[in-house]
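In: coordinates only, no sequence provided:
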DNA sequence: TAATTCGCTAGACCGA
DNA sequence: TCGGTCTAGCGAA
């Protein structure tokens, strides 16, 4: 047979069942973007398998060879193989003709005499292929073909893979209720593609870079007008197929656009066949929600991606509707046309071009955000070796698990099984001790140096070889030399599974950061290197949590608590060394130390201290100077102690850093937050409490006159459970319930924006969803007493100013007594 | 099908 | 009506 090779970018792997003679055979399909669009290649040589641990290999082989599984009692093991694993004995690999046979056999295999355990039985077939071939989705691949079948694959590193990215968006009719695809038509669709988006700058009207499809009369010439909904849906399908994107971005396409268009297409007697194999989008379960999966071409739900990135603090977002996101990322006020207005425009056929512009903007911005964050997500795909579809919706635990499983494969270890529910419950009942937080000395401080351990927990794991497979080794030497303060010790002779992975990630990141430092921050090379190091950082920081995560395959209470025990020891050691060196220790939190530089010392003494500390720290552990600060303020709790996790600093350039205060919390009214920021600024910037008092009086005055705007008064709080499950009805729940009674849908995860109005008795009684509240309808007393004053009193209390001083405008004779 | 622990604070809730 | 306790949410690391 003729041999040839094809090169491309690996996008996706799945499997299909094919006939081979009379047998049903599961066959792997690889989807690669080759320049001619997305092509599929089949690998017929890879079989689904899992492992069992046997009491006696000979007997087990015989029993398994004779066994028949499934309802039909016709399912046989195709082949049995003895394999060596580094961490287990008496292991057999059972291979099957197809996935369904494997599923039937794994359900019953423990019933066979002499089979003690099963392992790696829950790894989906396509993922199994990726694992065993160490292939990297979203990276280059060379496929060696024999005829039309894939024989072998090789990774070809692409420094900067280019993807064809597209986005689409739908507008639907919602007559007095939420749109229902069983009845309500799609009114409009927009489609945006790759190159156009790159030229876009801030402030530009993005809409014109997307094409709008609709039907009926009354449109300008920018819109592709079809005969009816059916023709429009077909038109969108054709456009997508013709443009051959590698990635299709949507905003909430998992839960809205895809399910909607799929249902509509079906009802209209059409398909929406935009997958690379000509199939329809599949709605599959992914965690709590559904996800819309395409074959080959990768569906990236930008909404899901942003949720993911927000969890890792790559983006800082509070509300996730597209308008808020665009505003937060690009400082652009994007127009939102509400459902009722869409209905009206459509019905009266007036303002259709405005609606078209709105629709176009949705897909254009979706595309813009997708392209901006794609480098980071692509790097994650390459590192954890999973497709974009998976990574864009993954949790931290899944990413870590992917990496550990690969390491196991690479080093010939058997992958540990998932815990059963009883084990999960057990784990949850035994939390461990975490980081150390020192009570700060409240008040205003000057000349502060902040030191930080860089990646404290990962570097402890690496430097002390902390891992589930190195804990409590039999060596006396390790017990003496590598003993954690929690009395657990770890082997120092062979490296553990987790430290091995972390060390690789850590070194790669250091190298990338070093390279990136030499580049211009705006250059495309920098963007790629930066995305890569950020991806590594996300992963590095996720491992410690995974050790203590209750559903972890590699849970280790011993390892996890050793990490924090060492962490507490090291951070306190730095503190006491600093005191010995003549600094005053102001505060610690987990991995940081705040030092006051006394008059007799200078910056270079701090640097010398850091250098000395680093010489004494083991392995890759390292302390760095986060910065010098001119002033800082810590406050007192109601109880009189210094409050932890709340402080504000100002550097010598006048930049404020506010931590933990109401100012950074979304569940406080903007008016209270802003006043607090101004007060902190007045005190840190100018050391001027009088000015702070003026600011506060002004705000109180405006509030009591009724001059505050609704937007300054709206408090945001998340609904975290079904409304009827609340034991205690707080203001946000009360407001949500009232809104729900009016027919608003409020589900888990909704962010409630509410205002405390004048009508009602308790605070909850007075709470109403902001959109139902008229400007000016607010309870000034609440906002003064429960919002502004508590937020600012914390701070100016340190200067002996009382509530009365602020409210009555009395003299501040006590002022200054503090310092 | 969800990474961890530490910490602060509000407002409801409950019993005296 | 008061004060203590509990529920709930969010942020720091």
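Out: Arrived safely. Owing to the predicted nature of the structure, the values given are computational and were not obtained by experimental measurement.

In: please, which helix or strand holds the closest residue to DNA strand C within the stretch 301-450 of chain A?
Out: Minimum separation of the stretch 301-450 of chain A from DNA strand C (C-beta to the nearest atom of the strand) falls at residue A:435, amounting to 6.3 Å. No exception for glycine: its C-beta is placed from N, CA and C like everyone else's. Counting by DSSP states H and E, there is no helix or strand that carries residue A:435.

In: give me the phi and psi for it.
Out: When quoted as degrees, to the nearest 10, the phi and psi of residue A:435 stand at phi -80, psi 170.

In: what's the nearest residue to it if we skip its chain neighbours?
Out: Leaving aside its chain neighbours, residue A:435 sits nearest to residue A:590 (3.3 Å; criterion: C-beta to C-beta, 6 or more residues apart in numbering).

In: where's that neighbour relative to DNA strand C, distance?
Out: 4 Å (C-beta to the nearest atom of the strand, to the nearest Å).

In: give me the pLDDT for the residue of the stretch 301-450 of chain A closest to DNA strand C.
Out: pLDDT for residue A:435: 96.

In: list the beta-bridge partners for the residue nearest to residue A:32 when sequence neighbours are not counted.
Out: Distances taken as C-beta to C-beta, 6+ apart place residue A:8 nearest to residue A:32, at 3.4 Å, with adjacent residues excluded. Beta-bridge partners recorded for residue A:8 (DSSP bridges): residue A:141.

In: do residue A:29 as well
Out: Assessed by DSSP bridges, residue A:29 has beta-bridge partners residue A:14, residue A:42.

In: didn't residue A:117 look like it was pressed against residue A:52?
Out: Yes. In this structure residue A:117 lies within contact range of residue A:52 using C-beta atoms under 8 Å: 6.7 Å.

In: and those two? which has more neighbours close in?
Out: Set residue A:117 next to residue A:52 and count neighbours by other C-beta atoms under 10 Å: residue A:52 wins out with 26 against 16.

In: looking at it, that one is touching residue A:95, isn't it?
Out: No. Applying C-beta under 8 Å, one finds residue A:52 not in contact with residue A:95, separated by 11.9 Å.

In: distance check, residue A:155 against residue A:385.
Out: Separation of residue A:155 from residue A:385 (C-beta to C-beta, to the nearest Å) stands at 10 Å.

In: need the residues touching each of those two.
Out: A:134-136 (C-beta atoms under 8 Å, 6 or more residues apart in numbering).

In: now do the contacts for residue A:283.
Out: Counting by C-beta under 8 Å, 6+ apart, residue A:283 touches A:258-259, A:262, A:290-293.

In: leaving out chain neighbours, which residue sits closest to the residue of the stretch 501-650 of chain A found nearest DNA strand B?
Out: Per C-beta to the nearest atom of the strand, residue A:545 is where the stretch 501-650 of chain A lies closest to DNA strand B, at 2.0 Å. Excluding its sequence neighbours, the residue lying closest to residue A:545 (C-beta to C-beta, 6+ apart) is residue A:396, at 6.4 Å.

In: report pLDDT for that neighbour.
Out: At residue A:396, the pLDDT value in this model is 91.

In: distance of the residue positioned nearest the centre of chain A relative to residue A:286?
Out: With distances taken as C-alpha atoms, centre = their mean, residue A:308 lies nearest the centre of chain A, 2.3 Å away. Distance of residue A:308 to residue A:286, given as C-beta to C-beta: 12 Å.
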